[in-house]
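# Structural data only, the sequence is not supplied:
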């Protein structure tokens, strides 16, 4: 089996070093095994799209020497690699899930959902669109075929939601964390297709990974809770045998270990958190990068390769070291 991995960032701003670390681990696995490293741009959330971010991602990977074998800007046999260019592909799979009874149309307005949320909050409960409430809401599970057809003919806005089964234990095999178990009753019915037809991450990444023959998914641990939904999607689409192997990387923490390293921590602690400088709309949203700070790309990649293996103290010492040995650091002055 040829290993195929992908780095799939969203163009919502500068590429955080956590993203670079994820790209690096994917790249290293591909190169170690003679596999393929794919760059896919996941821009399904158009409300958060930031002009220039896609070019920044490509330049940052190039500076680090992490050159994709295929993807946006690099070509390949599974193009297009930008999800907004693949919009028409996703609907057929969402419709397949509806036809098989694993998804449904939801016509709930934002106002109706907010009213339901407030109603439950008044009872000190948390609203979650799931099996406990979906039978009371405005979706195709609660209407006749004639009513549904009329709504669709009238182009009434809808989303398509995953129908999560009740009382099931969902097992995720993770190369880093071992067996992870999820109770399906704790999961919500994720939106798969948004109003207007743009897919969410949950549907798009499953479809794309399958069609692009991805064998291993290496990503940050913030995606671990959603992996139960992804396992269900592989099963419901009949792709369980082709499901990739998952590895969820730990977060990169602040030097004091208290919380995730954020983009503003660079100014606070005195080191960059982006590979390249980024100019935002305001000075507060503009940050210096490792390149402009004076680090060589080889040193940066070497440092990132040990994230998760090096101790916090050793990482802190590296960041604050001011050596004149060019292999590690090049003074700007």
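That came through, no problem. Worth saying up front: this structure is predicted, and the values here are computed from it rather than measured.

# Would you mind measuring from residue 101 to residue 235?
According to C-beta to C-beta, to the nearest Å, residue 101 stands 13 Å off from residue 235. From N, CA and C alone the C-beta is placed, and that goes for glycine too.

# neighbour-wise, which of these two wins?
Each of residue 101 and residue 235 has its neighbours counted (other C-beta atoms under 10 Å); residue 235 has more, 14 against 10.

# What strand or helix carries the more buried one?
helix 227-236 (DSSP states H and E).

# Report all helices and strands that that helix contacts.
If you count contacts as 3 or more C-beta pairs under 8 Å, 6 or more residues apart in numbering; DSSP states H and E, helix 227-236 packs onto strand 159-162, strand 169-174, helix 201-211.

# out of these, nearest to residue 28?
Residue 28 lies closest, by C-beta to C-beta, to one member of the helices and strands packed on helix 227-236: strand 169-174, at 18.1 Å.

# Flag every buried residue along the closest one.
Buried residues in strand 169-174, defined by neighbour count with 16 or more other C-beta atoms under 10 Å: 170, 172, 174.

# and if you look at stretch 70-88?
Buried, per 16+ other C-beta under 10 Å, within stretch 70-88: 70, 71, 72, 73, 74, 76, 78, 81, 82, 83, 84, 86.

# Inside strands: which ones of those?
Among the buried residues of stretch 70-88, the ones falling in strands (DSSP state E) are 70, 71.

# Columns distance to residue 303 and pLDDT on top of the buried residues of stretch 70-88, output as a markdown table?
A markdown table is the format used below for those (distance: C-beta to C-beta, whole Å; pLDDT from 0 to 100):
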| residue | distance to residue 303 | pLDDT |
| --- | --- | --- |
| 70 | 27 | 97 |
| 71 | 25 | 97 |
| 72 | 26 | 95 |
| 73 | 26 | 92 |
| 74 | 25 | 95 |
| 76 | 30 | 96 |
| 78 | 32 | 97 |
| 81 | 28 | 97 |
| 82 | 30 | 96 |
| 83 | 31 | 95 |
| 84 | 33 | 93 |
| 86 | 35 | 94 |
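
# Nice, that's everything, thank you.
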